[in-house]
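Peer 1: When you get a sec, could you give me coordinates for this:
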Amino acid sequence: VAPQLYYNLACTYALLGETDQALEFLTREFADIRDERQRGWSPELTARALAAVRITAGYLLGRPPNQRGAQRSTPVEGSLLCVAGGVCVAVSSDVTPETVERERRLSSEPGHDGPSALKSDRREKLDSIHHALTALTNACYRVPLELPDELLDPALASGEALTRSLLRASSPSARLFSAASARATIFNPRTWRS
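Peer 2: Numbering: from 1, shown residues only. So this is what the prediction gives:
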């Protein structure tokens with residue numbers, strides 16, 4: 001394996017190795033986008049919002065983002081640049097509205113009881129991120145270019161809210177509670193009857 005590959009793997013883990021670190025980065029990115037949005041939507045800002053929502057959707061679906069070394073001065077289309085300790089990584093996701101729709105359909109099939117079986121909360125999250133991805137994707141790739149506030153603002157808010165929700169769920173205390181709940185014994189009511 002080439003030394004460059006080792007360097008890229010090392011800097012990738014150092015920057016976004018833990019899910020909660022990546023979600024904190026995304027939370028800050030959403031806040032920056034929201035602040036810049038006050039001056040109005042631009043094609044570049046819409047593309048950044050789409051990249052952030054796609055990465056968040058990837059975390060919701062259990063698909064970590066793609067990461068590769070990048071030049072700090074050279075934006076990579078469809079990616080967010082993450083810089084820490086002088087190292088720059090382009091972070092992206094291949095999740096599209098169609099990917100989320102497939103997950104929604106697969107998870108609602110009768111007899112599907114795998115790890116992605118839908119609960120109402122997960123269904124709401126999938127619906128929300130699907131709408132956000134659709135609005136941002138349409139805005140980025142529509143000809144002629146249209147950037148309607150009434151579609152993009154809710155899409156940004158949905159992505160930011162889902163990122164915060166995923167961050168709360170990935171916190172050490174949430175993971176501890178989840179592990180404890182999984183180990184909890186469920187007693188049959190007849191056990192307690194005489």
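Peer 1: Which residue ranges of this structure form helices?
Peer 2: 3-16, 19-37, 43-60, 97-108, 120-141, 149-170, 172-183 (DSSP state H).
Peer 1: To residue 83, which of those lies closest?
Peer 2: For residue 83, the closest of these is helix 3-16, at 8.3 Å, according to Cβ to Cβ. For the C-beta atoms, the positions are set from N, CA and C on the backbone; glycine is no exception.
Peer 1: ok, the residue nearest in space to the middle of the chain - contacts?
Peer 2: Residue closest to the average C-alpha location in the chain (Cα atoms, centre = their mean): residue 56, at 0.8 Å. Residue 56 is in contact with 23, 26, 129, 159, 162-163, 166, counting by Cβ atoms under 8 Å, 6 or more residues apart in numbering.
Peer 1: now, among those residues, which is nearest to residue 47?
Peer 2: The closest of the contacts of residue 56, once distances to residue 47 are taken by Cβ to Cβ, is residue 159, at 13.4 Å.
Peer 1: what's near enough to touch that closest one?
Peer 2: Taking Cβ under 8 Å, 6+ apart, we find residue 159 in contact with 30, 49, 52-53, 56, 129, 132.
Peer 1: Put together JSON lines for those residues, with pLDDT and distance to residue 91 on each row.
Peer 2: JSON lines is the format used below for the contacts of residue 159 (pLDDT from 0 to 100; distance: Cβ to Cβ, whole Å):
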{"residue": "30", "pLDDT": "96", "distance to residue 91": "14"}
{"residue": "49", "pLDDT": "96", "distance to residue 91": "14"}
{"residue": "52", "pLDDT": "96", "distance to residue 91": "9"}
{"residue": "53", "pLDDT": "97", "distance to residue 91": "13"}
{"residue": "56", "pLDDT": "95", "distance to residue 91": "11"}
{"residue": "129", "pLDDT": "96", "distance to residue 91": "17"}
{"residue": "132", "pLDDT": "97", "distance to residue 91": "18"}
